[in-house]
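Asker: pasting the structure only:
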């Protein structure tokens, strides 16, 4: 049985842990889904990587 805690995007965005990344979290996470902290981190990192493609010189 998996005992990893899952949270809604809103719960994660309202937490002190993600206060600096609230807007990004709300943009990349689906409204009605539940996420582990690791899944939320991965979603934000994937977005950041996608945004940086082509900006490197």
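Answerer: Received, thanks. The structure presented is a predicted model; accordingly, all values stated were derived computationally and were not measured.

Asker: Look up the closest residue to the spatially most central residue of the chain, ignoring the ones flanking it.
Answerer: With distances taken as C-alpha atoms, centre = their mean, the residue of the chain nearest its centroid is residue 40 (3.1 Å). Ranked by C-beta to C-beta, 6 or more residues apart in numbering and with sequence neighbours excluded, the top spatial neighbour of residue 40 is residue 12, at 5.2 Å. Backbone N, C-alpha and C define where each C-beta goes, glycine included.

Asker: Okay, now the unreliable bits of the chain?
Answerer: The chain contains residues with pLDDT under 70 at 1-2, 54-57.

Asker: Kindly recompute the last result at 90.
Answerer: Where the chain drops to pLDDT under 90, the residues are 1-4, 31-32, 51-57.

Asker: mind checking the longest helix of it?
Answerer: When the chain is parsed with DSSP state H, its longest helix is helix 37-52.

Asker: Buried residues, it. List them.
Answerer: Residues of helix 37-52 classed as buried by neighbour count (16 or more other C-beta atoms under 10 Å): 39, 40, 43, 44.
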